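Novice: Give me coordinates for this.
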Amino acid sequence: MKLLIVAVGLRVPDWAQTAWDDYAKRFPHEIKVELKAVKTEPRGSKTLETLYAAERARIEAAIPKGTRIVVLDERGSNLTTLALAGRLKDWQLGGGDVALVIGGPDGLDPAFKQAAHERIRLSDLTLPHAFARVLLIEQLYRAWSVNANHPYHRE
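Specialist: Predicted coordinates:
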């Protein structure tokens with residue numbers, strides 16, 4: 001199974017990349033984690049709809065056909081760590097790959113969010129995008145550790 005994290009925004013601070021790399025290498029060989037960063041559309045005098053359309057096209061181009069799409073959305077389902085572990089187990093049993101999508105500064109195209117298979121939220125707090133990437137991969141690793149009875153997670 002592959003967990004594909006698609007994030008709008010090409011550059012993150014060094015600390016965020018270091019943290020990402022650390023968690024990504026911890027996953028077992030049966031779960032491959034890949035990050036695909038896509039370019040943020042420059043604002044200029046463009047309408048929000050134009051920005052959404054450009055970023056949506058880049059996101060969709062980064063996701064292989066047949067991949068389950070899960071968007072991170074402030075109005076998405078609020079999950080506990082154990083609930084995320086359950087979702088991860090379901091995704092693994094489903095046999096396909098999963099793309100988790102993090103929007104840019106303006107969020108994601110509303111129609112794209114609506115068309116996604118799932119919408120989840122990381123927090124009630126507003127998070128910087130670099131931190132959201134790190135939080136997401138850490139929680140995915142924690143969910144795996146719960147399912148594997150690994151001692152990383154303590155309940």
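
Novice: Return the distance of the longest strand seen in the chain from the chain's centre.
Specialist: Across the chain, the strand with the greatest residue count (assigned by DSSP state E) is strand 68-78. Counting by Cα atoms, centre = their mean, to the nearest Å, strand 68-78 is centred 9 Å from the centre of its parent chain.

Novice: Please identify the buried residues of that strand?
Specialist: Going by neighbour count (16 or more other Cβ atoms under 10 Å), the buried part of strand 68-78 is 68-73, 76. (Each C-beta comes from the backbone N, C-alpha and C, glycine too.)

Novice: Point out the other helices and strands that the helix or strand just after that strand packs with.
Specialist: Going down the chain from strand 68-78, the next helix or strand is helix 81-94, by DSSP states H and E. Applying 3 or more Cβ pairs under 8 Å, 6 or more residues apart in numbering; DSSP states H and E, one finds that helix 81-94 makes contact with strand 118-121, helix 129-147.

Novice: And the average pLDDT for helix 81-94 is what?
Specialist: Average pLDDT, helix 81-94: 95.
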